[in-house]
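>>> Okay, predicted coordinates and the sequence, questions at the end:
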Amino acid sequence: HTMTSPQTHSRYVLAYLLTFFCIIDIMGCTASTFTNFTWTEVSQTGPSPRSRAAFALTSNGAYLFGGFDGTNNLNDLWSYTTSWQIISTADPPTERRDAAGHWDGSVLYVFGGTLSDGTYTNELWTWDQTAWKQLNVSTGPSARTGSVVFTSPDGLWIYGGINAAGYSAELWLYASEVWTMLI
């Protein structure tokens, strides 16, 4: 059987995390737990209503960064374990929507997105639970929105999205501060 490259996708990723049975409703900013086929609301306070936020699952919760409130892009950072908590940080990334987010167990990665002026960015940011840091992307992926980010022992992977040329099927690896395009 011959393997072919993945179809071009930018927004839809299905992830199963068996230790986390909480579904976060970004638009309503509530969290509900699905137990015995019954939804139970567990929190009513949290981020303002939004869509297109970067969202990253952790082993016991989630992080939410930025998004779009219907009028403006946002750049606030929230965490959820048993309730929402805003995380006040100095020098966060600029406001953006459609950025990709991933938590690797110690660092939150935020890549790309659409800035307030409508341009795409290829900025790569990390938040280490203390401070934001922008990483070098000068030789990496082009500016794009709606990509997928994940980590493995090999490094940080970025797949797809929409760049100036349209939908992308590129697969990039960032390891030891070096970018490599694999597809």
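Yep, that arrived.
>>> can I assume Gly146 is in contact with Asn163?
No: contact criterion C-beta atoms under 8 Å: Gly146 and Asn163 do not qualify, at 9.8 Å. (Each C-beta comes from the backbone N, C-alpha and C, glycine too.)
>>> what's around Met181, how many residues?
12 (other C-beta atoms under 10 Å).
>>> Could I get the contacting residues of it?
Pro141, Glu170, Leu171, Trp172 (C-beta atoms under 8 Å, 6 or more residues apart in numbering).
>>> Include neighbour count when you put the residues you listed into JSON lines, please.
Shown next, in JSON lines, are the contacts of Met181 (neighbours: other C-beta atoms under 10 Å):
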{"residue": "Pro141", "neighbour count": "23"}
{"residue": "Glu170", "neighbour count": "18"}
{"residue": "Leu171", "neighbour count": "17"}
{"residue": "Trp172", "neighbour count": "23"}
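>>> Any chance of those residues in JSON lines with distance to Arg96 as columns?
Shown next, in JSON lines, are these (distance: C-beta to C-beta, whole Å):
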{"residue": "Pro141", "distance to Arg96": "15"}
{"residue": "Glu170", "distance to Arg96": "20"}
{"residue": "Leu171", "distance to Arg96": "22"}
{"residue": "Trp172", "distance to Arg96": "19"}
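>>> farthest pair in those?
Maximum pairwise distance among the contacts of Met181 (C-beta to C-beta): 9.5 Å, between Pro141 and Leu171.
>>> which residues do these two both contact?
Joint contacts of Pro141 and Leu171 (C-beta under 8 Å, 6+ apart) are Ile158, Met181.
>>> Thr89 and Trp125 touch, don't they?
No: Thr89 is beyond contact range of Trp125, at 10.6 Å (criterion: C-beta under 8 Å).
>>> Can you point out the buried residues in the helix or strand where Trp78 lies?
Per DSSP states H and E, Trp78 falls inside strand 73-80. Across strand 73-80, burial judged by 16 or more other C-beta atoms under 10 Å covers Asn73, Leu74, Asn75, Asp76, Leu77, Trp78, Ser79, Tyr80.
>>> I'd like these laid out as TSV, including pLDDT.
Listed next are the buried residues of strand 73-80 as TSV, based on pLDDT from 0 to 100:
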residue	pLDDT
Asn73	98
Leu74	98
Asn75	98
Asp76	97
Leu77	97
Trp78	97
Ser79	95
Tyr80	92
